[in-house]
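In: build me a structure from this.
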Amino acid sequence: MARKHSKHGRYDDFDTAEDEAPPPPVPCWLCGRPTGSAIVWHHPIPKSRGGRDTVPMHGICQQTLTVNFTNSELQRIGMDVQKLLDNPAVRKFVDWVANKDPDFTATIAKKQR
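Out: Just a heads-up that it's a prediction; the model follows:
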C-alpha cells in the first residue's frame with residue numbers, strides 16, 4: 001500500500017516562487033532571433049573534426065547549415081558567423097526567416113552538389 005505522506009517530511013518546505021519570470025530566450029547563433037521551445041545545441045566545428053564548443057540554434061537554422069556546407073567547410077569557417085552569412089544561400093535564408101515565429105519549422109530543400 002502506498003504512503004499518504006513522504007517519510008522525509010512534507011512538501012510545504014519547498015520554495016514555490018511563482019513570481020519568478022522565465023529566463024530570457026537565448027538568441028540563435030546564426031539568425032539572431034530568440035530561440036523557441038526547442039533549442040538545438042550545434043557544434044560550429046563538427047565533432048568529427050574535433051569541435052567541442054556548442055552554440056544555441058533553431059533546428060531550421062542548423063538544417064540550413066548542414067545542407068549548404070560540408071563538414072570540411074564548417075571546420076575551415078569555425079566560429080565565424082559572418083563567413084557563414086557571406087554565403088548567398090544562407091543570407092537569403094536568414095533574411096527570409098527573420099520575421100518568422102521562434103518555433104517556426106519547415107523542410108529545407110537539399111542543395112544539389
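
In: so what pLDDT did Asp13 get?
Out: Note on Asp13: pLDDT of 54.

In: which stretches in this protein count as strands?
Out: Under the criterion DSSP state E, the chain contains strands at 40-42, 55-57.

In: most tightly packed of those strands?
Out: Among those, ranked by average contacts under mean count of other Cβ atoms under 10 Å, first place goes to strand 55-57 (a mean of 19). Every C-beta, even on glycine, is put in place using the N, C-alpha and C of the backbone.

In: so what are the sheet partners of that one and their directions?
Out: Sheet neighbours of strand 55-57, with direction, are listed as strand 40-42 (antiparallel) (DSSP bridges).

In: roughly how far out does stretch 91-103 sit from the chain middle?
Out: 14 Å (Cα atoms, centre = their mean, to the nearest Å).

In: again with stretch 62-81
Out: Counting by Cα atoms, centre = their mean, stretch 62-81 comes out at 15 Å from the chain centroid.

In: between the two ends of it, how far is it?
Out: 13 Å (Cα to Cα, to the nearest Å).

In: do the same with stretch 51-66
Out: End to end - Cα to Cα - stretch 51-66 spans 15 Å.

In: many thanks, I have nothing further to ask.
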